[in-house]
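J.: heads up, no residue letters with this:
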């Protein structure tokens, strides 16, 4: 019998008390129902939906990873049919440390109108 093993170091990233201010929204009535999707490699997590244009996601996100180097954050707006992607930002994991504390992330607004099927 031959056995090949690779040691995988698993890490966990916790993003808590995420504050978000929506500059633009796609809802005609002017309200927003945003949520955030975080992705690292094949892992993803999603916040709860919080109504408003200036919101705090108290539960935040928890993502596990091993050797990945980037965190992708997407801000979506929940709609009845198709959810709209509002903003996207990619962050290098090397920029995040336990001492990072508060970080301001300048999200890039989606211009291509991509939608995720609801």
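T.: Alright, I've got the coordinates. Computed from a prediction, not measured in an experiment: that's the story for all the values here. Residues are numbered from 1 along each chain as shown.
J.: buried ones in the longest strand anywhere in the chain?
T.: The single longest strand within the chain, with elements called by DSSP state E, is strand 82-92. Across strand 82-92, burial judged by 16 or more other Cβ atoms under 10 Å covers 83, 84, 85, 86, 87, 88. All C-beta atoms are positioned from the backbone trio N, CA, C, and that covers glycine.
J.: I'd like the distance from residue 13 to residue 71, if you could.
T.: Residue 13 sits 7 Å away from residue 71, going by Cβ to Cβ, to the nearest Å.
J.: Which one's more surrounded, these two?
T.: residue 71 (22 against 17; other Cβ atoms under 10 Å).
J.: Tell me who's in contact with that one.
T.: Contact analysis of residue 71 by Cβ atoms under 8 Å, 6 or more residues apart in numbering lists 13, 38, 39, 40, 63, 90, 91, 92, 93, 96.
J.: Show me which of those is closest to residue 78.
T.: The closest of the contacts of residue 71 to residue 78 turns out to be residue 38 (Cβ to Cβ; 16.4 Å).
J.: pretty sure the closest one contacts residue 70?
T.: No: between residue 38 and residue 70 there is no contact under Cβ atoms under 8 Å: 11.0 Å.
J.: Tell me which of these two has more neighbours.
T.: Between residue 38 and residue 70, counted using other Cβ under 10 Å, the more crowded position is residue 38 (21 against 14).
J.: Report the mean confidence score over stretch 73-87.
T.: For stretch 73-87, mean pLDDT is 90.
J.: which residue packs closest to residue 51, ignoring adjacent ones?
T.: residue 33 (5.3 Å; Cβ to Cβ, 6 or more residues apart in numbering).
J.: Quick one: neighbours of residue 12, just the number.
T.: 9.
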